[in-house]
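Asker: Pasting a predicted model and its sequence here:
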Amino acid sequence: MSKVGETTLVLDLSALEHNYNYLRSKIEPSTKFLGVVKAFAYGSDVVTIAQKLEQLGTDYLAVAYASEGVLLRQAGIKLPILVLHPLASNFDDLIAYCLEPSLYSKNILKQFLKAAEAQKQKQYPVHIKFNTGLNRLGFAQSDVDFIEEAITKSTSVKIVSTFSHLAASEDGNEREFSLAQIHSFTTSSKALAEKLGYTPMRHMLNTSGIINYPEAQFEMVRSGIGLYGYGNQAEVDAALKPIATLKTVISQIHEIEANHSVGYNRAFKADQKTRSATLPLGHADGIGRQYGKGKGSVTINGKKAPILGNVCMDMIMVDVTGIDCKEGDEVIVFGPEKSAEAFAVGANTISYEILTAISQRVKRVVKN
């Protein structure tokens, strides 16, 4: 896949299809499915992933910001797109590209109503987010009267869904908290529906929620990380397939004598003769400095090669002592054999961070 000297992120669309079908199998056939493609589709390629999800029959897409949705519309994506964190400064673009905002506060609701009325919209689709314990974004249950009054005073918008977000759906120790969140959301969404005189679609479950709380799937579920091959639980990870493989090549090999150093600030000092390989990727590509000094490793010809010293902007050096390799050989950073979660754990972080950190300067190659 890679040419010599080139770092590449290989995206396997057959793995995406497998993950989609697996997650679909966990819900009722009538339940709608929303694919989350924010952050360049979790660091992969947002247009490619959205096109494949559209082809597979996904009902909705979600992005974080309006600009992400605009990019999808410009690429020809027709599916409804929920913008999870819209900002008032982007409302004109949001409406121009038929993106659907999450309205999460009194202020943002009032400002969107003003924008929709100014553009003479009629029943523009909006989504109401309730805060049930994550305490990030969302209306309180006590805001139901305010929401109903503001919405029914205007003909410019219509609520098409209410939703919330579980804080710890993968953690069995927090089951009581998750069930309390589900109860809170059920109560709030029912109260709003009764006041509106119609029942908007409801959705609350993320990937781990789909697995652990299927009784709360309501009319739609949302999956982000699961589509990309990670389930936050070992048994779910085993059933999914990572779609992305980050690979690179060996640019140069050095023989490091004992007491000599490698890299900036001499962060690695050899206590014996060491063989190092320099690779063309660094913190500008998403491999942060936290992976240096042996906390991260790559795979070369099936062998583990720890990172030596500090990560540079465009390069890392790895220990290939005892590994049969040469300049130009392929290097796997993460993929199906060694997952992004396994790579991330050495630096005490999570798959989400390493996946979404992969720079846009890294070439994307699509297979299947």
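Answerer: Alright, I've got the coordinates. Residues are numbered from 1 along each chain as shown.

Asker: what does the longest helix belonging to the chain contact?
Answerer: Ranked by number of residues, the top helix in the chain under DSSP state H is helix 175-196. Under the contact criterion CB atoms under 8 Å, 6 or more residues apart in numbering, helix 175-196 has outside partners 128, 130, 132-134, 139, 141, 144-145, 147-148, 151-152, 159, 162-164, 166-169, 199-200, 202, 204, 209, 212-213, 216. For glycine as for every other residue, the C-beta is placed from the backbone atoms N, C-alpha and C.

Asker: mind listing what's buried in the host helix or strand of Tyr42?
Answerer: Per DSSP states H and E, Tyr42 falls inside helix 38-43. Neighbour-count burial for helix 38-43 flags 38-43 (criterion: 16 or more other CB atoms under 10 Å).

Asker: quick one: least confident helix or strand in the chain?
Answerer: helix 234-239 (a mean of 92; mean pLDDT, DSSP states H and E).

Asker: Buried ones from the contacts of helix 175-196, can you make that a PyMOL selection?
Answerer: Of those, the buried ones can be selected in PyMOL as follows, counting by 16+ other CB under 10 Å:
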select buried, resi 128+130+132+133+139+144+147+148+151+159+162+163+164+166+167+169+200+202+204+209+212+213+216
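
Asker: if we can go back for a sec, which strands and helices sit next to the least confident helix or strand of the chain?
Answerer: In this structure, helix 234-239 makes packing contacts with helix 207-212, judged by 3 or more CB pairs under 8 Å, 6 or more residues apart in numbering; DSSP states H and E.

Asker: continuing past the helix holding Tyr42, what's the next helix or strand?
Answerer: Criterion used, DSSP H and E; the element after helix 38-43 is helix 46-56.

Asker: Can you list the strands that the helix or strand just after that following helix pairs with?
Answerer: Following helix 46-56 in sequence order, the next helix or strand is strand 60-63 (DSSP H and E). Counting by DSSP bridges, the strands paired with strand 60-63 are strand 32-36 (parallel), strand 81-83 (parallel).

Asker: about what we covered before: how about the buried residues of helix 38-43 in a markdown table, adding distance to Gln119 and pLDDT?
Answerer: What follows is the buried residues of helix 38-43, written out as a markdown table (distance: CB to CB, whole Å; pLDDT from 0 to 100):
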| residue | distance to Gln119 | pLDDT |
| --- | --- | --- |
| Lys38 | 25 | 98 |
| Ala39 | 29 | 97 |
| Phe40 | 29 | 97 |
| Ala41 | 29 | 98 |
| Tyr42 | 32 | 98 |
| Gly43 | 34 | 97 |
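
Asker: Which element is encountered next along the chain beyond the longest helix of the chain?
Answerer: Next along from helix 175-196, by DSSP H and E: strand 201-203.

Asker: which of the residues in stretch 225-241 are buried?
Answerer: For stretch 225-241, burial by neighbour count (16+ other CB under 10 Å) applies to 225-233, 236-237, 239-241.

Asker: How far does it sit from its chain's centre?
Answerer: Relative to the mean C-alpha coordinate of its chain, stretch 225-241 is positioned 13 Å out (CA atoms, centre = their mean, to the nearest Å).

Asker: And stretch 326-345, by the same measure?
Answerer: 20 Å.

Asker: can you give me the helices for the stretch 51-200 of the chain?
Answerer: Taking DSSP state H, counting those that start in this stretch as the test, the helices found in the stretch 51-200 of the chain are 66-74, 91-96, 106-118, 144-152, 175-196.

Asker: ranking those by burial, who's on top?
Answerer: Of all the helices of the stretch 51-200 of the chain, helix 66-74 has the most neighbours on average by mean count of other CB atoms under 10 Å, namely a mean of 19.

Asker: Just give me the residue right at the centre of the protein.
Answerer: Tyr42 (3.6 Å; CA atoms, centre = their mean).

Asker: That one against Gly226, yeah?
Answerer: No. Between Tyr42 and Gly226 there is no contact under CB atoms under 8 Å: 10.3 Å.

Asker: Distance check, Ser142 against Lys106.
Answerer: Ser142 sits 11 Å away from Lys106, going by CB to CB, to the nearest Å.

Asker: got it, and Ser164?
Answerer: Ser164 sits 17 Å away from Lys106, going by CB to CB.

Asker: same deal with Leu84?
Answerer: Distance, Leu84 to Lys106, using CB to CB: 18 Å.

Asker: Repeat that for Phe177.
Answerer: Using CB to CB, we find Phe177 at a distance of 26 Å from Lys106.

Asker: correct me, but Ser105 touches Phe139?
Answerer: Yes. Shown here, Ser105 and Phe139 form a contact pair, counting by CB under 8 Å, at 6.9 Å.

Asker: rewinding a little: ok, the buried residues of stretch 225-241 vs Val362, which is closest?
Answerer: Nearest to Val362 among the buried residues of stretch 225-241 is Tyr228, at 15.7 Å by CB to CB.
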